[in-house]
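> Show me the folded form of this:
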Amino acid sequence: MRMSELSTATGVAVPTLKFYRREGLLHAGETTSPNQARYDESHVARVRLVRAMVEIAGLSTASAQRVIAALDDGGMPLNSLFGVAQRAVTMPAALAHPEPAAADGDGTAEPEAADGPGARIIAELCARRGWHVHAGNPGLAMAARVLDAYAQLGRDDLLATVGAYADAADTVARADLAAVSGAGSVTAMTDVVVIGTVLGDGLLAGLRRIAQESESQRRFSAPPASLAADPEESC
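Numbers count the residues shown, from 1 in each chain. As a prediction, the model looks like this:
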């Protein structure tokens, strides 16, 4: 298919496709003439992935580039690929943090490691649960900063939620890895790592919001009249 047909198949405008191509987010098509190239279903799949990363997961172009580069690196171990995807998802929030960020060997900005009481609590949690985590895992600093924020806001009572959150995280991680293991080929497993990690945060956040409303209705009030009258309108 030509680029105009790729645009039709994906719903992405031709100028955007050209931008993806220039930025290395979309691999080259088969050259058919000096000014023409042919694209196939692999390009359709890649455009849809890039669009999901940028529009749904909110990744920056630079973060999406790193994920695509890792995805195209056939020799990267799955554990390393998880790390790339985790950092890509983490970076939008980290860049919004007012503190300066350090850069690692490949130029990727990293949030500074948390060193407050929250870091100790998270380290003790990992030890109790037998979680074996690399010191550079972005989740360590993310979780520690949240706990430090609880303390600064005078809400140490929220520390009581950490155990339940950890249980939920274990359940989600097992589901993630089961999906990876069941994918079959190495190529399919790689796709599941990237797609599941990059988009899974949004799914988890969405389900949490749904469950929070449902639980709050159960605990604090009767179901809204509109839902009680028409159960098909509820989940």
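> Quick check: which element contains the spatially most central residue of the chain?
Central residue of the chain (CA atoms, centre = their mean): Val198, 2.6 Å from the mean position. Assigning secondary structure by DSSP states H and E places Val198 in helix 186-220.
> Would you agree the residue nearest to the centre of the chain is in contact with Val89?
Yes - using CB atoms under 8 Å, Val198 is in contact with Val89, at 5.7 Å. Yep, even glycine has a C-beta here, placed from its N, CA and C like the rest.
> Name the residues contacting each of the two.
57, 59 (CB atoms under 8 Å, 6 or more residues apart in numbering).
> What ranges does the chain have for its helices?
Taking DSSP state H, the helices of the chain run over residues 3-10, 14-22, 41-51, 61-72, 78-96, 117-129, 138-152, 162-181, 186-220, 225-229.
> Just want the angle from the helix holding Val198 to helix 61-72.
Interaxial angle, helix 186-220 versus helix 61-72 (axes from the mean of the first three to the mean of the last three CA atoms, to 10 degrees): 130 degrees.
> and the angle for helix 186-220 with helix 162-181?
Going by the same axes, to 10 degrees, helix 186-220 makes 150 degrees with helix 162-181.
> From here on, call the first residue 31.
Will do, 31 is the new start, and the previous item becomes helix 216-250.
> Which positions in helix 216-250 come out as buried?
219-230 (16 or more other CB atoms under 10 Å).
> Tell me the one of those nearest Asp187?
Among the buried residues of helix 216-250, Gly230 lies closest to Asp187 (CB to CB), at 28.9 Å.
> That closest one touches Ala209, doesn't it?
No - Gly230 is beyond contact range of Ala209, at 9.4 Å (criterion: CB under 8 Å).
> returning to what we had before: and of the buried residues of helix 216-250, the nearest to Thr201?
Nearest to Thr201, judged by CB to CB, of those is Gly230 at 12.7 Å.
> ok, the closest residue to the closest one other than its chain neighbours - contacts?
Counting by CB to CB, 6 or more residues apart in numbering, Gly230 lies nearest to Asp206, which is 6.7 Å off, once chain neighbours are set aside. By CB under 8 Å, 6+ apart, the contact list for Asp206 reads 226-227, 230.
> okay, the residues you listed in TSV with distance to Val97 next?
Supplementary listing: these in TSV, determined by distance: CB to CB, whole Å:
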residue	distance to Val97
Gly226	12
Thr227	9
Gly230	13
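> can you tell me how far Thr61 sits from Ala67?
Thr61 sits at a distance of 5 Å from Ala67 (criterion: CB to CB, to the nearest Å).
> Over to Ala157?
Following CB to CB, the distance that separates Ala157 from Ala67 is 54 Å.
> swap in Arg249?
On the measure of CB to CB, Arg249 and Ala67 end up 58 Å apart.
> Equivalent analysis for Trp161, please.
For Trp161, the distance to Ala67 - CB to CB - is 47 Å.
> Turn the helices of the chain into TSV, including mean pLDDT.
Rendered in TSV, the data for the helices of the chain read as follows (pLDDT from 0 to 100):
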stretch	mean pLDDT
helix 33-40	95
helix 44-52	95
helix 71-81	94
helix 91-102	89
helix 108-126	73
helix 147-159	96
helix 168-182	94
helix 192-211	95
helix 216-250	91
helix 255-259	56
